[in-house]
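Undergrad: Dropping the sequence and predicted coords here.
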Amino acid sequence: MRFTKPAWVMHKDSAMRGDEKRVSIFSCHVHPDGSRIATGGLDAKVRIWSTKPILNHASELSGRPPKSLSTLTMHTGPVLVVRWAHSGRWLASGSDDEIVMIWDLDPSAKGKVWGSDEVNVEGWKPLKRLVGHESDVTDVAWSPGDRYLASVGLDSAVLVWCGYTLERLRKIDQHQGFVKGVCWDPVGEFLATGSDDRSVRIWRTTDWELEAEVKKPFDHSPGTFFRRLSWSPDGAHITASNATNNEGYVFIAAVIARNSWTSEISLVGHENTVEVAAYNPHIFLRDPSQPVTAHNICSVVALGADDRAVSVWQTKAPRPMVVAKDVFERQIMDLSWSQDGLTLYAVSSDGTMAVFSFDSSEMEGIAPSSAQEQYLKRFGFVSPPVPEGYSHLASLQEQKAQQNNRITPPPSPRAQSQDFGSAANAAPGGEQVHTLVAKRKPKKRIQPTFAGSLSGQIPSSSVNGIKPPPSSSSGARAFQESSTVPISVPSTSALPLSISQPFGTSSSFGLGLNTGESDFAMDVDDEVRISSLDGGMQNPKGKRKAGEDFDDRTASRARTLGGDRVREPAVARPLTNRVPPPGPPGGGVWAEGSSLVGRLEPLQLVTYLKATVEGSEDVFEGRNAEGDEPNEVLYVSGKQTQWLDYLPSPILALTATATFCAVAMQDGTLTVYSHTGRRLMPPLAIGSQCCALTSAKSMLMLLTVSGQLYVWDVKKQAAKFPPTSISAILGSSPNLTVATATVRPNGAPVIQLSDGVAHSYDASLCVWTKLSEPWWSEGSDAWQGRQRSNNLAMRGPLTVLESAISERMSVDDGRAEKVRPTWWNAALTLGHLESKLHAAKALDSPAEYKQALLLYAKRIADEGFRGKAEELVKELFGPVYWRPGRDDSWSPTMLNMPKRDLLKEVLNIFVRSKTLTKLGQDWQETLKKSQLDE
């Protein structure tokens, strides 16, 4: 995960012209195409910003595109909510002035903002003022397909407007308190609202009557600025903010189940009231290889709270994916996900915006929007018909075709008064579309040009048609996606930030921005296109600029080895007619006289093997011929073979990462490829058949049937340690075998045996170490093996190991009835936690190390073990007069975490204890003095 706070995103106090004092930002919402984000603030303005400079440091420095696109100034009170329509054509805003405003693009409204020094790069006009509320408008929401618009406010009313004609359809006034949140069911069947009357109410869209009222989790909820709630993309749950447990002492977000309308699930952890919940727009699959069914679907939801923290949860895991603390100086007002589900925007009443960018690998199991559409059809709900003669979109085909085009916001559909051009661009079904593209005219104002024609009556505040002025053609390059990488740049904010990812180590925290300027250009320097509004206009002269995004090279794919061959389906079947290579059992030089002969079986030879490249849908395949044909490996993307290679020996195992692909053969040879099919290392002659082949990031691990273990860093082309035998951990028992064998991204092997004990090899100690074992489950309070979760990525490697041990080893209920010594529980808990600290260090799991350390500190504080406490404190504090570079015998960090920062949290635990308060206070003073000296 990457984090940034663009300091230039701000709403200003107009009375403080010189100082540019920040004022509160109450709402934000990302445009459906991700090109811009709208914010509403205390200055009574709606501001529209480019997202490219937020996510791309090079774009931010170059000023292309402009950071601020437009300032909308028609409201007379603070703007409390902004929401883009799903079509991307209109923007709705709600304000203290009791008005809901619908904004439409106006190409002629560019220029200087009246009464200020600001310049609008693009112009937006108020299409219609929706009058009906009698007090502040706190939230608005567009229904699926923009069929309806709902608005709520402090007049306790819920108003439903037609999403096409913008006429008021219904007023619901059954709430007994301020209504501060609204959301739509993605199916379109229900509408949900949250109110200060301490209830969430669900309304049917068929007759606008009450379907259900949920009150239990809100009985003791305090008053907050907003109660923004969100409906999951699969339609199964509503996550409602401002709920509590334990008579109001525990702040939670309540998860309300569809149909039963009960709240049995709570998201617990925030230290103050949860203000806003926002679901990721995509559904996620627990197992991407399985079909899209209710049992295989989960969701991702973000929470923002008054404790200034943001948390991100995946509904299949009991704990959050990410917790970002102290992101802001004041409470969080609103959250918004980008349409691709990989970027989360948050705004606060302190007047700042924070942006969290995730890699696709961190959002494991994310499904395309088409999967959600297909799934929602199963509900069988039929939306009411669209008003005759109205439409938001030209056609579904047009919309999909536009997703890959760049977009300049044209006006919304208008009432037909005359035709423009020809009917050549007619959409299927007879509906036709006009498109507007801004053109460059030297030293003149940009003028709109239309292509195609328009038929049918479409609503707008305009009555007359617009005639197309002449304009010369100009090529353009698209707003492309670029890979996100962490880079070191000066921070845009001086605010303190601490990120806690306590249950996984795959995410890295840093300031991550898209790099490279060449992936963004415009035909005018002050233009950012909107894909949902752009048409398919082609250059009338058939010419393009040299730097244009379209390239003839994309029409014919680059030639690769075997790339022209169509992928053929294959079925895995055992191969019995292949004769194994001659030699001793296992075919290895270490097999002779080895005590492991016959205990590690070679992998079964099959006709077809495959490995999915982590972080993508590409597949590395192996095919063993049943006759005299050669064996081959293929790298496949989609249904197309990218490259292939032929091998002299049958394939036993495959593995693939984002860095390399590897194949182990029956003759004991290992070959490593790049993703283009180039051999990264010479063929490695292992001399023994493969028993297990696995990889992680740039690490590759091979275990042979003769018991030799190899780990290589492919990127550095070096071994992590000399070949090592696992005979030391297998011992002499003939019944003990290897259950699983994996490798960590830091190169640490993890070998779990059939007796449940998990081992790793410590290269610095030149010995095998125990990571975890069933013994600790007999009395340790810190044993986590009983926790259940289908998503291993949301848990640390040690938690996964302990869960595997619990599943593998049958639990003997009789053990609990045995008479244990007095210190049994304390001894096993402390021993287990000390073992976990060493294991977390070996597996490079900082989150689990910190978690175990704080549990360990609390336990020794509860027990009053002063000796252990002092030893722990001294170990973390280090030499009293230590300075960087002066003494290399002590490292100031542990797994990239400063030891003295860890000590600060440990001392906080000691100070709150009954027995170690004085010890904690004394060392707090010492720690404070050492920091002052530094």
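TA: Looks like it arrived, so ask away.

Undergrad: buried ones in stretch 48-65?
TA: Neighbour counts over stretch 48-65 (16 or more other Cβ atoms under 10 Å) mark 48-60, 64-65 as buried. Backbone N, C-alpha and C define where each C-beta goes, glycine included.

Undergrad: min pLDDT across the residues you listed, which one?
TA: Of all these, R64 has the smallest pLDDT value, namely 82.

Undergrad: Show me where the stretch 1-150 of the chain has its helices.
TA: Here the stretch 1-150 of the chain has its helices, by DSSP state H, counting those that start in this stretch, at 52-55, 57-62.

Undergrad: domains for the protein, by residue range?
TA: 599-728, 778-809+822-933 (the TED database).

Undergrad: Could you tell me the end-to-end distance of the shortest one?
TA: Domain 599-728 has its terminal residues 14 Å apart, counting by Cα to Cα, to the nearest Å.

Undergrad: please begin residue numbering at 625 from this point
TA: In the new numbering, first residue 625, that becomes domain 1223-1352.

Undergrad: could you show me where the strands are in the stretch 925-1074 of the chain, in order?
TA: Taking DSSP state E, counting those that start in this stretch as the test, the strands found in the stretch 925-1074 of the chain are 934-938, 946-949, 956-961, 967-972, 977-981, 1058-1062, 1072-1076.

Undergrad: Turn those strands into a markdown table, columns for mean neighbour count.
TA: Shown next, in a markdown table, are those (neighbours: other Cβ atoms under 10 Å):
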| stretch | mean neighbour count |
| --- | --- |
| strand 934-938 | 25 |
| strand 946-949 | 21 |
| strand 956-961 | 26 |
| strand 967-972 | 25 |
| strand 977-981 | 23 |
| strand 1058-1062 | 23 |
| strand 1072-1076 | 19 |
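
Undergrad: out of the ones you listed, nearest to L1360?
TA: Nearest to L1360, of all those, is strand 934-938, at 36.5 Å by Cβ to Cβ.

Undergrad: Name the surrounding residues that touch that closest one.
TA: 891, 893-894, 908, 922-929, 943-948, 951, 956, 959, 968, 970, 978, 980, 1415, 1418 (Cβ atoms under 8 Å, 6 or more residues apart in numbering).

Undergrad: How about stretch 877-888?
TA: Against stretch 877-888 from outside (Cβ under 8 Å, 6+ apart): 809, 824, 826, 835-836, 838, 840-842, 859-865, 867, 889-891, 894, 898, 901, 925, 927, 939.

Undergrad: Please name every helix or strand in contact with the helix or strand hosting E1472.
TA: Using DSSP states H and E, E1472 falls within helix 1470-1487. Contacts defined by 3 or more Cβ pairs under 8 Å, 6 or more residues apart in numbering; DSSP states H and E place helix 1470-1487 against helix 1421-1432, helix 1448-1466, helix 1490-1501, strand 1521-1522, helix 1523-1536.

Undergrad: what's the most buried one of these?
TA: Among the helices and strands packed on helix 1470-1487, helix 1421-1432 has the highest mean neighbour count (mean count of other Cβ atoms under 10 Å), at a mean of 21.

Undergrad: So which elements touch that helix?
TA: strand 1373-1377, strand 1382-1386, strand 1391-1396, helix 1448-1466, helix 1470-1487.

Undergrad: how about those, which one is nearest A631?
TA: helix 1470-1487 (29.0 Å).

Undergrad: rewinding a little: for A1363, find the nearest of the domains of the chain.
TA: For A1363, the closest of the domains of the chain is domain 1402-1433+1446-1557, at 6.6 Å, according to Cβ to Cβ.

Undergrad: first to last residue in that closest one, what's the distance?
TA: End residues of domain 1402-1433+1446-1557 are separated by 47 Å (Cα to Cα).

Undergrad: do stretch 762-773 as well
TA: Taking Cα to Cα as the criterion, the two ends of stretch 762-773 lie 14 Å apart.

Undergrad: for stretch 1276-1286, same thing?
TA: 11 Å.

Undergrad: ditto for stretch 978-995
TA: End residues of stretch 978-995 are separated by 30 Å (Cα to Cα).

Undergrad: Next: stretch 1243-1256.
TA: 14 Å.

Undergrad: For that stretch, could you pull out the residues that count as buried?
TA: V1243, F1244, E1245, G1246, R1247, N1248, N1255, E1256.

Undergrad: contacts for that stretch?
TA: By Cβ under 8 Å, 6+ apart, stretch 1243-1256 touches 1194, 1199, 1201-1202, 1229-1237, 1257-1261, 1268-1275, 1278-1280, 1285, 1287.

Undergrad: could I get the helices and strands packed on helix 1421-1432 as JSON lines with distance to G1186?
TA: Output for those, formatted as JSON lines (distance: least, Cβ to Cβ, whole Å):
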{"stretch": "strand 1373-1377", "distance to G1186": "34"}
{"stretch": "strand 1382-1386", "distance to G1186": "38"}
{"stretch": "strand 1391-1396", "distance to G1186": "42"}
{"stretch": "helix 1448-1466", "distance to G1186": "42"}
{"stretch": "helix 1470-1487", "distance to G1186": "43"}
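
Undergrad: List the contacts of L704.
TA: F650, S651, G664, G718, S719, D720, D760, V761, T762, D763, F850.

Undergrad: how close does R1189 get to N1248?
TA: Distance, R1189 to N1248, by Cβ to Cβ, to the nearest Å: 18 Å.

Undergrad: before we move on, back to that, and which of the buried residues of stretch 1243-1256 is nearest to R1368?
TA: Once Cβ to Cβ is applied, the member of the buried residues of stretch 1243-1256 that ends up nearest R1368 is F1244, at 21.0 Å.

Undergrad: Can I take it that that closest one is in a strand?
TA: Yes: counting by DSSP: H, G, I helix; E, B strand; the rest coil, F1244 is located in a strand.

Undergrad: That one pairs with what?
TA: For F1244, the beta-bridge partners are A1235, Y1259 (DSSP bridges).

Undergrad: Which pLDDT value belongs to it?
TA: F1244 is given a pLDDT of 94.

Undergrad: returning to what we had before: for D1405, which of the helices of the stretch 625-774 of the chain is the nearest?
TA: Closest among the helices of the stretch 625-774 of the chain, using Cβ to Cβ: helix 676-679, at 44.4 Å.

Undergrad: What is the burial count for E722?
TA: 18 (other Cβ atoms under 10 Å).

Undergrad: sorry, that was for D1486
TA: Neighbour tally, D1486, other Cβ under 10 Å: 14.

Undergrad: which stretches of this protein have low pLDDT?
TA: Within the chain, the stretches with pLDDT under 70 are 638-644, 733-741, 1016-1182, 1187-1188, 1190-1191, 1200-1222, 1409-1418, 1434-1441, 1505-1512, 1558.

Undergrad: rewinding a little: return the member of the buried residues of stretch 672-689 nearest to C1390.
TA: Taking Cβ to Cβ as the measure, H681 is the one of the buried residues of stretch 672-689 closest to C1390, at 44.5 Å.

Undergrad: any idea how far N1370 is from that closest one?
TA: Distance from H681 to N1370, by Cβ to Cβ: 29 Å.

Undergrad: With F802 instead?
TA: Taking Cβ to Cβ, one finds F802 at 53 Å from N1370.

Undergrad: quick one, which of the two is more surrounded?
TA: F802 (19 against 16).

Undergrad: Would you report the backbone torsion angles of the more buried one?
TA: Backbone torsions for F802, taken as degrees, to the nearest 10, come to phi -60, psi 130.

Undergrad: Since that was my last question, I'll sign off now.
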